[in-house]
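In: Can you look at this prediction? I've put the sequence above it.
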Amino acid sequence: MIKQYFQDLKLEFKNYNLKKFTLDAMAGLTVTAVALPLALAFGVSSGAGAPSGIISAIVAGLIMGVLAGASYQVSGPTGTMIAILATVYAAHGTEGILITGFLSGILLLIVSIFRFGKLVSFIPAPVITGFTSGIAIIIALGQIDNFFGTVSYGKTNVEKLLSYAELGFKPNMYAVLIGLLVVAIMIFWPKKWNAKIPSSLAGLIIVLAVNRITNLPVMLVGEIPSTIFLESRLSLGSISIGKVLSLISPALSIAVLCMIESLLCGASAGKIKNQPLNADRELIAQGVGNILIPFFGGIPASAVLARTSIALKSGGQTRIVSIVQSLGLLFSMLFLGKFISRIPMSALAGVLMVTAWRMNEWNEIKFIFGKRFGRAIIEFTITMAATVLFDLTIAILMGVFLGMMMFIIKDNELRIDVSPVDLKRIKGHEFSMDHMNTKIIYLTGPLFFITREKLKSLVAHAEDTENIIISMRAVTTIDESAVSEFKEIVSKILKNNTNVLFCGIQPSVKEMLDRSGLTELVGNDLFFWDAIEALKNLEIIEIAAEK
């Protein structure tokens, strides 16, 4: 993998020149403008503070960007992780967030070593859409206090909402107006301006200027340290077995989210640049990055599709884009800290409210509900509800399990269709007998332990019938339980003096029938590829019987 990494780097920077570097630098600065307000907002909403968000974006951009599985991946803190981190902060403080991030990095390295990244492809699309919408709801609920300037208590968003009944809900109208101003700017900011100054950054700059003049009584972000090593950062001495055991569940959730986001980001961005993602190397980059970020005081990070796509659309050529983005954020932290510290918290809440709304995959949601795909609607709704009410890992497992069960129940249903032989519909073939007392039974679907009970109806279909032809062309698989049941059913039909013929059996199914003894019971010469062939041989049998 190391050898392949350096080969890919050599190919990536082949014919690299000043023109390409200029494109990378401009794209990196554009991504900086997008990443800065989001990093601040995610840091605040996680509970660790705005500096933690910036540090995470800086370190992730450098480490994950350099080691990434493709030239275009841009990493940083994301909204999807905030719901988990806020819960961890409520129970364990900043130290809990740092240990959680460290553990998630180790889990990602394990996933990459054993190549478990492919498991992402087993998660149904409605499940991913559902937990994305659930996270968006959690982010929005988590910003109520900052947006309205209110106070609540509780470890979960539901508990915080219920606490308003006791504490009362008394909004700070200045905070609300600032939050609404940012929301309005982000919604109505012209697209042609957004390419130069992102709407979120424009909203913060305008609000900062307004608050500088008016000095409104609202809560501010607070001091931004002029160092990359925060005072609250991870030390190995603070990690104990007890803390690891209590934080392994949220760490697993963060690792799963990071894996899903990074690989889906790579798959989507890879189509834009027509360059595949090395999934295993990407997960190593994410693992190494999340192991190191806590030692600087940052929150967990992953590859981000929004920033990655902006980098590509801005003309980014190589992973230098990610490095320039980090240097731009570092400059902002070291030299613009006094301005950042004056940003109202409600302004960041406004940024996150709009971000939460835009996180929803509205096209996919419209498609699912508009086309009335019942199974997808159920998967989406239950996963979204579970994400809001329970742990994210539980939500994903529930969604996947539900999808599997619905697939087994619906898509593995056995259909049995019975049709009398109609010689008028068979053109180009001559028959000497009318076959009035012959039926063709069509089996469609897999034969296994769930569907074996339905096979018993074959006995009733064969009553008062001289001949039946069982067509199994649409049967792709049969298990031990079904083949045993099938043999008993065929035995009963034969005892009623009904001839049984088979046609269209797939090789793998025929092998199971041979091994079970069913082929021997019926007679190997009564197995044919199509029903017409079976009918012609049936005439030979009946003529021979008459003689």
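Out: Yep, it's here.
In: Contact partners for residue 510?
Out: 519, 527 (Cβ atoms under 8 Å, 6 or more residues apart in numbering). Heads up, the C-betas are built off the backbone N, CA and C, glycines and all.
In: Assumed it was part of a helix.
Out: Yes: if the criterion is DSSP: H, G, I helix; E, B strand; the rest coil, then residue 510 is within a helix.
In: Return the distance of it relative to residue 477.
Out: In this structure, residue 510 lies at 12 Å from residue 477, with Cβ to Cβ, to the nearest Å as the measure.
In: Kindly report the same for residue 150.
Out: Using Cβ to Cβ, we find residue 150 at a distance of 59 Å from residue 477.
In: ditto for residue 491
Out: Separation of residue 491 from residue 477 (Cβ to Cβ) stands at 22 Å.
In: Report the buried residues of stretch 346-357.
Out: 346, 347, 348, 349, 350, 351, 352, 353, 354, 355, 356 (16 or more other Cβ atoms under 10 Å).
In: likewise stretch 153-164?
Out: 156, 157, 160, 164.
In: do the same with stretch 495-506
Out: The neighbour-count criterion (16+ other Cβ under 10 Å) identifies 498, 499, 500, 501, 502, 503, 504, 505 as the buried residues of stretch 495-506.
In: Dump the residues you listed into CSV; add secondary structure, distance to residue 134 and pLDDT as well.
Out: As requested, those are exported to CSV (DSSP: H, G, I helix; E, B strand; the rest coil; distance: Cβ to Cβ, whole Å; pLDDT from 0 to 100):
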residue, secondary structure, distance to residue 134, pLDDT
498, coil, 56, 90
499, strand, 59, 89
500, strand, 54, 92
501, strand, 55, 92
502, strand, 50, 94
503, strand, 50, 93
504, coil, 46, 92
505, coil, 47, 93
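In: Kindly indicate which of these lies nearest residue 188.
Out: Distance to residue 188, by Cβ to Cβ, is smallest for residue 504 among these, at 63.3 Å.
In: Poorly predicted segments of the stretch 1-150 of the chain, please.
Out: 119-122 (pLDDT under 70).
In: And the helices in it?
Out: Assignment of helices within the stretch 1-150 of the chain using DSSP state H, counting those that start in this stretch yields the ranges 2-12, 18-46, 50-67, 79-113, 125-142, 144-148.
In: and of the ones you listed, who's closest to residue 260?
Out: helix 125-142 (6.8 Å).
In: Now do the strands for the chain: every range, in order, please.
Out: The residue ranges that make up the strands of the chain, judged by DSSP state E, are 75-76, 302-303, 415-420, 438-444, 467-474, 499-503, 527-528.
In: Take these and lay them out in CSV including distance to residue 35.
Out: Formatted as CSV, those follow (distance: least, Cβ to Cβ, whole Å):
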stretch, distance to residue 35
strand 75-76, 6
strand 302-303, 13
strand 415-420, 54
strand 438-444, 54
strand 467-474, 53
strand 499-503, 64
strand 527-528, 66
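In: Need the winner for burial among the ones you listed.
Out: Looking across those with neighbours counted as mean count of other Cβ atoms under 10 Å, the highest average goes to strand 75-76: a mean of 34.
In: can you list contacts of it?
Out: 35, 38-39, 56-57, 60-61, 64-65, 68, 262, 285-286, 289, 301-304, 307, 322.
In: what sits against the residue nearest in space to the middle of the chain?
Out: Centroid check for the chain by Cα atoms, centre = their mean gives residue 128 as the closest residue, at 3.6 Å. If a contact means Cβ under 8 Å, 6+ apart, then residue 128 has 260, 264 as its contacts.
In: Wait, residue 417 touches residue 457, no?
Out: No: under the criterion of Cβ atoms under 8 Å, residue 417 lies out of contact with residue 457, with a separation of 11.3 Å.
In: what residue ranges in this structure score low on pLDDT?
Out: Screening the chain residue by residue with the criterion pLDDT under 70, one finds the ranges 119-122, 391-393, 396, 400, 403-404, 406-412, 422-436, 539-547.
In: Not counting its neighbours along the chain, what's nearest residue 300?
Out: Nearest-residue entry for residue 300: residue 101, 4.0 Å, with adjacent residues in sequence omitted and distances by Cβ to Cβ, 6 or more residues apart in numbering.
In: Next, count neighbours for the one you found.
Out: Neighbours of residue 101 under the rule other Cβ atoms under 10 Å: 33.
In: Can you give me the distance of residue 19 to residue 316?
Out: Residue 19 sits at a distance of 13 Å from residue 316 (criterion: Cβ to Cβ).
In: And the two? Which one has more around it.
Out: When neighbours are counted by other Cβ under 10 Å, residue 19 and residue 316 differ, and residue 316 comes out ahead with 29 against 9.
In: excluding its backbone neighbours, what's nearest that one?
Out: By the measure of Cβ to Cβ, 6+ apart, the closest residue to residue 316 outside its immediate chain neighbours is residue 27, 3.7 Å from it.
In: what about the one you found, neighbour count?
Out: The criterion is other Cβ under 10 Å. On that basis, residue 27 has 25 neighbouring residues.
In: Over to the one 5 residues further on?
Out: The burial count assigned to residue 32 is 24, neighbours taken as other Cβ under 10 Å.
In: Among the strands of the chain, which comes closest to residue 339?
Out: With respect to residue 339, and counting by Cβ to Cβ, the nearest of these is strand 75-76 at 20.6 Å.
In: mind checking how far the closest one is from the chain centre?
Out: Chain-centre distance of strand 75-76: 18 Å, with Cα atoms, centre = their mean, to the nearest Å.
In: Then stretch 505-512?
Out: Using Cα atoms, centre = their mean, the offset of stretch 505-512 from its chain centre is 37 Å.
In: Convert the C-alpha atoms of that stretch to PDB, please.
Out: Output of stretch 505-512 as PDB, limited to C-alpha atoms (Å, rounded to 0.1, in the frame of the first residue of the first chain):
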ATOM      1  CA  ILE A 505     -34.600 -26.500 -13.600                       C
ATOM      2  CA  GLN A 506     -31.500 -24.500 -13.000                       C
ATOM      3  CA  PRO A 507     -28.200 -26.600 -12.600                       C
ATOM      4  CA  SER A 508     -27.700 -25.600  -8.900                       C
ATOM      5  CA  VAL A 509     -31.400 -26.500  -8.100                       C
ATOM      6  CA  LYS A 510     -31.100 -29.800 -10.000                       C
ATOM      7  CA  GLU A 511     -28.000 -30.700  -8.000                       C
ATOM      8  CA  MET A 512     -30.000 -30.300  -4.700                       C
END
